[in-house]
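Asks: Need a 3D model of the following:
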Amino acid sequence: MPPIEASALIPYILPLFAAAAAAGFLAGLFGIGGGAIFVPVLYQTFEELGVSHAVSMHLAIGSSLAIIVPTSIRSLISHWRRGVVDWRLLREWIVAIPLGAITGALVAAAASSGELRGIFAALALLLGLKLVFGKVPVTFGRQLPGFAGRSVAGFLIGLLSSLMGIGGGVLNNTFMTLYNRPMIEAVATSAGVGVLISVPGLVSYAIGGWGDPLLPPYSIGFVSLAAVLLIAPASILAVPLGAALAHRLTRRQLELGFGGFLLIVAARFAYSLL
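Replies: Numbers count the residues shown, from 1 in each chain. From the prediction side, this is the model:
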């Protein structure tokens, strides 16, 4: 496609910075990468800028994963200093989660834009309902499952997260708390999960879209360098603000707000498919 004029980006700078700050805040607070915010904002921005409908969703997901890399690393370092990261679980997932992320990227590369929007809408609906209704009032056990079970869970977390362009925090938080692990430990470990998902996911999306003539300038495959360079710095700077601002709202209030946002996003993408 032809180059995008710099002046055309001006109306989108403030919404993009706001999304970056919100995602960075949530990354520090919940251990998530912020992709659930980045993907719909980037998708809408690319659509408005005239990016081909056939690749706009792929580009939004790939760019989201690229932005999540530094955000997750910053969040992981922050939680590491507090000594609450489950490094044993992350070491066990060092193959399973990246393998799931790569598989998800391969599926996405072969899927149409409509199929990706449908997948995102369905998963956003489920995650939004989970957050709105709060903690699941059941547990599957007092200890995490055996190595095989943990590996399957890691693969699925990587797969679904890569398809959505998210860091996997909400999925991992749900998995760990279902097995009676403390929420703070789940949140801290989710930051590491975001790293395991976003790095191989980023590479896979870049390779999957390599040379596509429909992509806008300054794209490496399904990753927009312009979007990454614009959003990533604001997102990284907002990560430490999560802890500083968290005392103003209860975690439940934030879960309700984020869950409501996901439900709106799910409805928006579902409507686009009609």
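
Asks: contacts and neighbour counts: CA atoms only from here.
Replies: OK.

Asks: Which parts of the protein are strands?
Replies: 219-220, 223-224 (DSSP state E).

Asks: Nearest to W80 among these would be which one?
Replies: strand 223-224 (28.9 Å; CA to CA).

Asks: neighbouring strands for the closest one, and are they parallel or not?
Replies: strand 219-220 (antiparallel) (DSSP bridges).

Asks: starting at the chain centroid, how far to the partner strand?
Replies: In terms of CA atoms, centre = their mean, to the nearest Å, the centre of strand 219-220 is set 19 Å apart from its chain centre.

Asks: What are the contacting residues of it?
Replies: A206, I207, G209, W210, L225, A226 (CA atoms under 8 Å, 6 or more residues apart in numbering).

Asks: returning to what we had before: export the strands of the chain as a markdown table, with columns for mean pLDDT, mean neighbour count and distance to F17.
Replies: Formatted as a markdown table, the strands of the chain follow (pLDDT from 0 to 100; neighbours: other CA atoms under 10 Å; distance: least, CA to CA, whole Å):
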| stretch | mean pLDDT | mean neighbour count | distance to F17 |
| --- | --- | --- | --- |
| strand 219-220 | 92 | 20 | 20 |
| strand 223-224 | 92 | 27 | 16 |
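
Asks: Nearest to R82, out of these?
Replies: Short answer: strand 223-224, nearest of the strands of the chain by CA to CA, at 33.0 Å.

Asks: follow-up on the earlier one: same list, the contacts of strand 219-220, but as CSV with neighbour count and distance to L126 please.
Replies: As requested, these are exported to CSV (neighbours: other CA atoms under 10 Å; distance: CA to CA, whole Å):
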residue, neighbour count, distance to L126
A206, 22, 28
I207, 17, 30
G209, 21, 28
W210, 15, 32
L225, 17, 31
A226, 13, 31
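
Asks: List the ones among the residues you listed that fall in helices.
Replies: A206, I207, L225, A226 (DSSP state H).

Asks: from those residues, which single one is nearest R81?
Replies: L225 (30.7 Å).

Asks: Pull the contacting residues for that closest one.
Replies: S63, Y218, S219.

Asks: Excluding chain neighbours, what is closest to the second one?
Replies: Nearest residue to Y218 in three dimensions, chain neighbours excluded: L225, at 5.6 Å (CA to CA, 6 or more residues apart in numbering).

Asks: Tell me how far L160 lies from L76.
Replies: As judged by CA to CA, to the nearest Å, L160 and L76 stand 21 Å apart.

Asks: on that earlier part again, in the ones in helices among the contacts of strand 219-220, find the pair that's most separated.
Replies: I207 and A226 (17.6 Å).

Asks: so how far is stretch 89-100 from its chain's centroid?
Replies: For stretch 89-100, the distance to the chain centre is 17 Å (CA atoms, centre = their mean).

Asks: Buried residues, it. List them.
Replies: L89, L90, W93, I94, A96, I97, P98, L99, G100 (16 or more other CA atoms under 10 Å).

Asks: pretty sure the third one is touching S151, no?
Replies: What it means is W93. Yes. Between W93 and S151 there is a contact under CA atoms under 8 Å: 6.5 Å.

Asks: Can you name the residues that contact the residue nearest the centre of the chain?
Replies: By CA atoms, centre = their mean, the chain has its centre lying nearest to I166, at 1.6 Å. By CA under 8 Å, 6+ apart, the residues touching I166 are I32, G33, G34, G35, A36, I61, S64, L65, I68, G194, S198.

Asks: From P40, how far off is it?
Replies: 11 Å.

Asks: and if you look at A20?
Replies: In terms of CA to CA, A20 sits 12 Å off from P40.

Asks: Next: R268.
Replies: R268 is 9 Å from P40, by CA to CA.

Asks: neighbour count winner among these two?
Replies: P40 (23 against 14; other CA atoms under 10 Å).

Asks: With adjacent residues omitted, what lies nearest to that one?
Replies: Here the residue nearest P40, using CA to CA, 6+ apart, is V265, at 6.9 Å.

Asks: And G128, by the same measure?
Replies: Going by CA to CA, 6+ apart, G128 has G259 as its nearest residue, at 4.1 Å.
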